[in-house]
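**Q** fold the following for me, if possible:
(3 chains)
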Amino acid sequence: MSSFVYHAERPLLSDERSGLTRRGLLGATALGLVAGAPAMARAAGPQGQLTWGIHVSLAPSWFDPAETQGIITPYMVLYALHDAMVKSMPGNPQAPCLAESWSTSSDHLTHEFVLRPGVKFHDGEPVTADDVKFSFERYHGVSHELIKQQVAAIEVPDPRRVRFKLKQPWPDFLTFYSSATGAGWVVPKKYIERVGEEGYRKAPIGAGPYKFVSFTPGVELVLEAFEGYWRKVPNVKRLVMKVVPDEGTRAAALKRGEIDIAYSIRGELAEDLQRTAGISLKPVVLQAPNWLYFPEQWDPKSPWHDLRVRQAANLAIDREGMSKALFLGHCKVTNSIIPYTFEYFWQPSTAGYDPGSARKRMAEAGFAKGFDAGLLYCDASYANMAEVSVNNLAEIGIRARLQPIERAGFFAGYSSKKYTRGIIQGASGAFGNAATRLAAFVVKGGSFAYGSYPDIDELYPKQADELDRGKRGAMLEKMQQLVHDKAIYAPIWQLGFINAVGPRVGESGFDLITGFAYTAPFEDITIKA
Amino acid sequence: MSTPADVIRLPSPAPRFTALRTFRIGDFPVIPVLILGVITFAAIFANLLAPHNPEVGSLAARFKPPFWLAGGSTEYLLGTDQLGRDVLSRLIFGARVSMVVGFTAVMVAGVIGTVLGIMAGYIGGWVDQVIMRLTDTWLALPALTFAIFLAAIVGPSMWNIVIILGAVYWTRYARVIRGEVLSLKEREFVRLAIVAGCSKPTIMLRHILPNVINSAIVLATLMLGVVIVTEASLSFLGVGVPPPEPAWGLMLSDGKQGLMVGYWWLTVFPGGCIVLMVLSANLIGDWLRVKLDPQLRQL
Amino acid sequence: MKQYIIRRSSYSLLSLFLLSLTIFFFVRVTGDPATLLVEPGASAADIAAIHQRFGLDKPLWTQYGLFVWSLFQGDLGQSFYYQTPVFELYLDRLPNSLLLAFVAMSLSLLIGIPAGIMASVQVGRFWDGFGKLFTLLGQSLPSFLVGLVLILVFSVYLGWLPSSGAGTPLHLIMPAFALGWYFAASHMRLTRSSMLEVLGSEYIKLARLKGLPQSMIIAKHAFKNALIPVLTLAGINVVVMVNVAVVVETVFAWPGIGRLLYEGITFRDFPIVQGVVIMGGGMIVIVNLVIDILYAIIDPRIRLES
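**A** Coordinates of the predicted model:
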């Protein structure tokens, strides 16, 4: 056992040490059952334990909202330990949480938030407006410069009131404050000033439904229900998040009852778990579309320059078949590179799979015998999808060789525009709306746009200057329509991220918050009686 | 690292029918040589032997079992994989990949290691120090680190794996060869060559090299196994031979998830091929070791 | 003697310096950690902010200078991913790695030595062949496969052992076996050949002539002497094990050094990669230095060489 275990307080029973019975010592019972066994006193209040099998290594930076980077993974822990003024909740992407209500002045320069009364941090201290101000100023994660530049001053008229004074009207303020950054997540000022940054990292305290108990880097995080949580008293007493990097091992651990919830199970393993009694799959459609991109389309000498070739490629991809084969059919085919949940999303016609007419279009374009398309670049972790695409394209005569590249290298190459020939299989889960996606992937100068079309480029600054929501939306829809008509991309789908839960889990918390891949809100999770 | 005195071979035991003896005619490892022969044959004539394209499959034909099981057909003798590709064809083409990767990597490692080993052992002094310190610190850079470095710099490919494996395993040659050279240096024929006025490069090339080549060959047979297994492990970590190349290691690492579901043919066949190849190479290596050079112990 | 130690130590320092240089620049060629901390499509300002935060906006040589400077102060830097000092993370994982390597090595010797002895006293007979095949099988099977099959059999079907994690002796059994089996073949080979060598030596022949029983000769005389080279190899292999354990650590979710380095590389967590490689290199260099100096003390000829 590691010698460096961080303790916020004495752990009650670390699961390994709780095995006092012989069966427990043999590790033959689900650890959770052992811990949940003395549930004789069936009084109100949190009971039992649930154990997660996490697919990535847990990092202490995830215990601190000030560190939030532009990826979703830290939120799997933040939702348990902390709470935000306004955050995504079931049925409401901007739900009032620590803030009971808020208002915006008519000149759009002042946003005032009123704190919920009686809300406490894990150490019993009340959450005050000072904490909110402190948390905002302390925030140094993704987009911190952007959001801080917009704010001229933060006023605290009384302990339950915070006023953000902006330099200029900024309609996206609330979006950035609530979900695009971690700036609205509140940490205890007094506590951090007392224990220091280092101390806070080792024993974080928040206003979330679960308290930090212990963390062993690379092994597990143990949390315990915070009965003073404002929204409701959590149902489950203890949460243990174990790091189990190998997918097969996660599935085995779930089957054996060592864990109750397994993140990210794919293909055959998911198929097997589906057949296993007591285990159910919880697919979540991610806000991250995958696509094929044709960087040669602006080169008049390339076959891809011909619209019919790109349309043929679009028709050649068997999206549903691929989804069934690789993700048990849980992917959502939207035929767009913009997530369907995004603001200003425009729904194109359904993606067709028709190799016959694809071949016809190839013939019309003068490629009846097909052509050599060079390499198909992809992130190695999605090589299986790309393999199918390569096969699909080969069926209509577009012959490409797969070039899987390890993730960091792939995105570095993609964004530095190294892959000017061939095909790119890309994806993005970046936060934003239709406009931000178009800016990055379609419009001239976008960090992932290898070329652009003047009619689309022309619309972009116009929509950015448009203050009328309806008119702006119309322009953005027009742009998406052009992307579709020109077949700049061959969108594949929004990935169905499959998780699995064991027989003890009642409400798992999956898919309660739209597009969120992990379990949340934690206070809603239950164990079956 | 000096080498010990000759191993004195015990008188052979009374002829008896034993498990191992059936493997051999006289002392020659017939079966291992046959196995490697078949693999080589498959590798060379893969285009003619394979019934299907190893990289193309149809999603409609996924997870077909081998032909003797219910649901299997003679079209896919050993079944199909998760993308509907023919396992037999992939195994046949995989023999080529494994052979190319295995032999070339061992050659690369052997050449680098032997050259540096001879130089370190014969020239001695600071050359020896530099080379030996290099082999020491090399251990701190695991194969995986190399694999990602190279993949990131030049893009992943089968040939990168060859370079990686060669770059990782040359130190073993260097150590063994250096030890050999140290003892050869003291032998009469080398001293005579020095007296006769031969230059250092000549001595190394003409007198030392032919005498260590046996050890290098024996080591190569043993390293072949290590290299093949490492290649599979790199695939498991996602930095091996890139798909859709039909490498056995990649097939095994892709197919292992199916083991729990009962798609055993995706694991057993490529796994079996790897085991047969590595076992054969090792048994031949052991035989060669006794035949060529009974002094080689620390392999 | 003093002069030799000084010369030998300076060579070691030089090799560590070269290692630090190599790893520092190599790891920076592999890509940008910022691309992994944001989703593709994030704004350039966000990426620049990350660079600034990690000091990646400074010129390379400045970064290297800072790295070496803090290295001399015993500071390996702060991990990008964990936001924790690398040294702390390293020390945290080291006991796990050493424990796994130690137990795996014990298992490996437990398989390899008896197999080697049986093979040496029964050359060409059944046990020779069996021992050889069993150990060689361990060397031919990739450890991720061995690991997965062990989990399927002992965790899923039989339910005897926990599938993954660390904490109890039970957690150790499967990973240690998967790792140790792979090394058993080399220990078997060496035991076998050094036993054969010892059995052929003059004094064993003498013992035979004196009429000592065969079992006595093997147990008392031959085994003891044959064991020395085997244990030397085992010592070296423990170090190798710490480095190659990454596959086994991944399969069994064992929190060791190998996994730390692997994640460091995949997240482009430069300080972790640098730190782990330097620590590993440092250990190997020091072990070799100590061995060489000990040899020099025992054998004065080495000192005078060169």
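**Q** could you use CA atoms for every contact and neighbour count after this?
**A** Fine.
**Q** who in the stretch 201-306 of chain C is up against chain A?
**A** Residues of the stretch 201-306 of chain C lying close to chain A (C-alpha under 8 Å from any C-alpha of the partner chain) are C:250-255, C:266-268.
**Q** in helices, which of the residues you listed appear?
**A** Judged by DSSP state H, the subset of those located in helices is C:250-251, C:266.
**Q** who wins on neighbours among the residues you listed?
**A** residue C:251 (27 neighbours; other C-alpha atoms under 10 Å in any protein chain shown).
**Q** that residue contacts residue C:145, correct?
**A** No. With contacts defined as C-alpha atoms under 8 Å, residue C:251 does not count as touching residue C:145, sitting 9.2 Å away.
**Q** so what does the residue of chain A found nearest chain C look like in phi/psi?
**A** Per C-alpha to the nearest C-alpha, residue A:70 is where chain A lies closest to chain C, at 4.1 Å. The phi/psi pair for residue A:70 (degrees, to the nearest 10) reads phi -80, psi 40.
**Q** in contact with the closest residue to it other than its chain neighbours, which residues?
**A** If the residues on either side of it in the chain are set aside, residue A:70 comes closest to residue C:38, at 4.1 Å by C-alpha to C-alpha, 6 or more residues apart in numbering or on different chains. By C-alpha atoms under 8 Å, 6 or more residues apart in numbering or on different chains, residue C:38 lies in contact with A:69-71, A:142, A:430, C:46-47.
**Q** tell me the pLDDT of the residue nearest the centre of chain A.
**A** With distances taken as C-alpha atoms, centre = their mean, the residue of chain A nearest its centroid is residue A:72 (3.8 Å). Model confidence at residue A:72, expressed as pLDDT, equals 82.
**Q** secondary structure element holding it?
**A** Per DSSP states H and E, residue A:72 falls between elements, in no helix or strand.
**Q** equivalent analysis for residue A:183, please.
**A** Using DSSP H and E, residue A:183 sits in no helix or strand.
**Q** surely residue C:105 and residue C:180 touch.
**A** Yes. Using C-alpha under 8 Å, residue C:105 makes contact with residue C:180 at a distance of 5.6 Å.
**Q** on the three-state scheme, residue A:448 is what?
**A** coil (DSSP: H, G, I helix; E, B strand; the rest coil).
**Q** wait, isn't it in contact with residue A:415?
**A** Yes. Assessed by C-alpha under 8 Å, residue A:448 is found in contact with residue A:415 at 5.2 Å.
**Q** for residue 94, what are its contacts?
**A** Went with chain A since none was named. By C-alpha under 8 Å, 6+ apart, the neighbours of residue A:94 are A:86-88, A:175, A:178-179.
**Q** to clarify, I was referring to chain C.
**A** Listed by C-alpha under 8 Å, 6+ apart, the contact partners of residue C:94 are C:256-257.
**Q** per-residue pLDDT, it?
**A** 89.
**Q** name the helix or strand for it, please.
**A** Taking DSSP H and E as the criterion, the element that holds residue C:94 is helix C:86-121.
**Q** so how far is that helix off the chain centroid?
**A** Helix C:86-121 sits 9 Å away from the centroid of its parent chain (C-alpha atoms, centre = their mean, to the nearest Å).
**Q** can you name the next helix or strand after it?
**A** helix C:126-140.
**Q** gap between that following helix and the chain center?
**A** Counting by C-alpha atoms, centre = their mean, helix C:126-140 is centred 23 Å from the centre of its parent chain.
**Q** can you name every helix or strand that that helix contacts?
**A** Secondary-structure packing of helix C:126-140 (3 or more C-alpha pairs under 8 Å, 6 or more residues apart in numbering or on different chains; DSSP states H and E): helix B:209-236, helix B:265-292, helix C:86-121, helix C:169-199.
**Q** make it 7 Å
**A** Taking 3 or more C-alpha pairs under 7 Å, 6 or more residues apart in numbering or on different chains; DSSP states H and E as contact, the helices and strands that helix C:126-140 lies on are helix B:265-292, helix C:86-121, helix C:169-199.
**Q** tell me which residues are up against that helix.
**A** B:18-20, B:225, B:229, B:274-275, B:278-279, C:115, C:118-119, C:122, C:181-185 (C-alpha atoms under 7 Å, 6 or more residues apart in numbering or on different chains).
**Q** following element in sequence after it, please.
**A** helix C:143-150.
**Q** by contact count, what packs against that following helix?
**A** Using 3+ C-alpha pairs under 7 Å, 6+ apart: helix C:143-150 touches helix C:169-199, helix C:246-251.
**Q** just say which of those helices is most tucked in.
**A** helix C:246-251 (a mean of 27; mean count of other C-alpha atoms under 10 Å in any protein chain shown).
**Q** that one packs against which elements?
**A** Under the contact rule (3+ C-alpha pairs under 7 Å, 6+ apart), helix C:246-251 is packed against helix C:143-150, helix C:169-199, helix C:257-266.
**Q** redo these as CSV? Include distance to residue A:400 and mean pLDDT.
**A** CSV is the format used below for these (distance: least, C-alpha to C-alpha, whole Å; pLDDT from 0 to 100):
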stretch, distance to residue A:400, mean pLDDT
helix C:143-150, 31, 89
helix C:169-199, 39, 86
helix C:257-266, 27, 86
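**Q** could I get those as TSV with distance to residue B:67?
**A** As requested, the helices and strands packed on helix C:246-251 are exported to TSV (distance: least, C-alpha to C-alpha, whole Å):
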stretch	distance to residue B:67
helix C:143-150	24
helix C:169-199	33
helix C:257-266	40
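**Q** who in chain B is up against chain A?
**A** B:56, B:59, B:152, B:155-156, B:242, B:244, B:257-258, B:261 (C-alpha under 7 Å from any C-alpha of the partner chain).
**Q** please identify which of those is nearest to residue B:176.
**A** residue B:156 (31.0 Å; C-alpha to C-alpha).
**Q** spit out the contact partners of that closest one.
**A** Contacts of residue B:156 (C-alpha under 7 Å, 6+ apart): A:405, B:242.
**Q** farthest-apart pair in the residues of the stretch 201-306 of chain C next to chain A, please.
**A** C:252 and C:268 (23.1 Å).
**Q** between the two, tell me which one has more neighbours.
**A** Counted by other C-alpha under 10 Å, residue C:252 and residue C:268 do not tie: residue C:252 has more neighbours, with 29 against 26.
**Q** got the phi and psi for the more buried one?
**A** Dihedral angles of residue C:252 (phi, psi; degrees, to the nearest 10) stand at phi -100, psi 10.
**Q** grab the nearest non-local neighbour of it.
**A** Sequence neighbours aside, residue C:164 is the residue nearest to residue C:252 in space, at 4.4 Å (criterion: C-alpha to C-alpha, 6+ apart).
**Q** any idea whether the one you found is helix, strand or coil?
**A** What three-state DSSP gives for residue C:164 is coil.
**Q** what pLDDT does the model give the nearest residue to residue C:251 once chain neighbours are set aside?
**A** In this structure, residue C:251 finds its nearest non-sequential neighbour in residue A:246, 5.4 Å apart by C-alpha to C-alpha, 6+ apart. If you check residue A:246, the pLDDT there is 88.
**Q** what's around residue A:246, how many residues?
**A** Neighbourhood size, residue A:246 [other C-alpha under 10 Å]: 21.
**Q** repeat that for residue A:371.
**A** 15.
**Q** near chain C at all, the longest helix along chain B?
**A** Counting by DSSP H, the longest helix found in chain B is helix B:87-123. No. Helix B:87-123 does not reach chain C (C-alpha under 7 Å from any C-alpha); its nearest approach is 10.0 Å.
**Q** pull out the buried positions in the following helix or strand past that helix.
**A** Tracing the chain past helix B:87-123, the next element assigned as helix or strand by DSSP H and E is helix B:125-138. If you call a residue buried by 16 or more other C-alpha atoms under 10 Å in any protein chain shown, then helix B:125-138 has these buried ones: B:128-138.
**Q** and the residue nearest to residue A:70, how close does it get to residue C:49?
**A** Separation of residue C:38 from residue C:49 (C-alpha to C-alpha, to the nearest Å): 11 Å.
**Q** same check, this time on residue A:390
**A** Distance from residue A:390 to residue C:49, by C-alpha to C-alpha: 38 Å.
**Q** alright, that wraps it up for me.
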